[in-house]
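Engineer: coords please:
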Amino acid sequence: MVQIKHSDMIKRIIIYMFAIIICFPVLLPAENYVGIGAHLGFHHNVGNLDSQYADIEIDPQNNYFLGFSFKTNFLFLFARFGADTTFLINRSETLESSGEIASAKIHYISLPLFVGLNYKVLDLGNFYMGPGLSYFVARGHISSASPGLSDDVSATGWGFGFTAGIEYNLALKLDFYFEWEYLNGKSEPVLQGSSAYNWKDLYVDFTGHRLMLGVRYYLL
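Structural biologist: Down below sits the predicted model:
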């Protein structure tokens, strides 16, 4: 099976999106300038425990999140920043008894900032995409399969990635939006694994895809 690295995938997405802009002359500069939005989102495989320890099999953690964002448009450019806070749907659990960590649950706050290209698509709405970064503040609990490792953890870290979104006009100055984010980042080690299991120090991995739906009202 051919595996595609995250960096290669992001490069391909960027190339495809720029091709869309070049090939469709109906794209025009966005007209709304300053908007505030609220959204509901979903993040699969929070913590990426299986990426840290490839020899284990897990039932991945899923979180939903609530957030708000400010988006400013100027000609063909946009800047979007905001805050998201996550809530647990199900924790991550290892599916084999030989693993040292039995389960993990992570909550985090994300403060993302993205900048890039923003276009009006006919009279339907806007399409935007661009790179960015986010600062994460996380807390959680790690449960051990053996005594002496279960503990509460907290961590911070930076993530870097890309976003793309579509805004659909619902009414004058009111838009519905769908947005995808990919961010790659992790914290410093937060918990030391036992050498008996050949585990590395555990860190909080913020890497992943995030999908969100929301509404945005343009003040100007």
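
Engineer: for this protein, which segments count as strands?
Structural biologist: 27-29, 34-44, 58-59, 62-74, 77-90, 92-94, 101-121, 125-144, 151-171, 174-191, 202-205, 208-218 (DSSP state E).

Engineer: hey, least reliable of these by pLDDT?
Structural biologist: Lowest mean pLDDT of the strands of the chain: strand 27-29, a mean of 47.

Engineer: run a quick neighbour tally on the nearest residue to residue 177 once chain neighbours are set aside.
Structural biologist: Excluding its sequence neighbours, the residue lying closest to residue 177 (CB to CB, 6 or more residues apart in numbering) is residue 167, at 4.6 Å. Any C-beta I mention is one placed from the backbone N, CA and C, and that applies to glycine too. By the criterion of other CB atoms under 10 Å, residue 167 has 28 neighbours.

Engineer: contacts only, for residue 167.
Structural biologist: 125-128, 175-177, 216 (CB atoms under 8 Å, 6 or more residues apart in numbering).

Engineer: identify, from these, the entry nearest to residue 107.
Structural biologist: Nearest to residue 107, judged by CB to CB, of these is residue 177 at 24.6 Å.

Engineer: you'd agree that closest one is up against residue 35?
Structural biologist: No - the criterion here is CB atoms under 8 Å, and residue 177 misses it with residue 35 at 9.3 Å.

Engineer: find residues that contact each of these two.
Structural biologist: Common neighbours of residue 177 and residue 35 are listed as residue 216 (criterion: CB under 8 Å, 6+ apart).

Engineer: list the contacts of residue 154.
Structural biologist: Taking CB under 8 Å, 6+ apart, we find residue 154 in contact with 138-140, 190.

Engineer: separation between it and residue 137?
Structural biologist: Plainly put, residue 154 is 8 Å away from residue 137 if you go by CB to CB, to the nearest Å.

Engineer: how about residue 116?
Structural biologist: 25 Å.

Engineer: same thing with residue 190?
Structural biologist: Distance from residue 190 to residue 137, counting by CB to CB: 13 Å.

Engineer: shared neighbours, those two?
Structural biologist: In contact with both residue 190 and residue 137: residue 155, using CB under 8 Å, 6+ apart.

Engineer: comparing residue 116 and residue 137, which residue is more hemmed in?
Structural biologist: Between residue 116 and residue 137, counted using other CB under 10 Å, residue 116 has the larger neighbour count: 20 against 15.

Engineer: surely the more buried one touches residue 128?
Structural biologist: Yes - counting by CB under 8 Å, residue 116 touches residue 128, with 6.4 Å between them.

Engineer: now do the shared contacts for those two.
Structural biologist: Common neighbours of residue 116 and residue 128 (CB under 8 Å, 6+ apart) are 78, 163.

Engineer: grab the nearest non-local neighbour of residue 126.
Structural biologist: Using CB to CB, 6+ apart, the nearest residue to residue 126 is residue 167, at 4.2 Å.

Engineer: perfect, that will be all.
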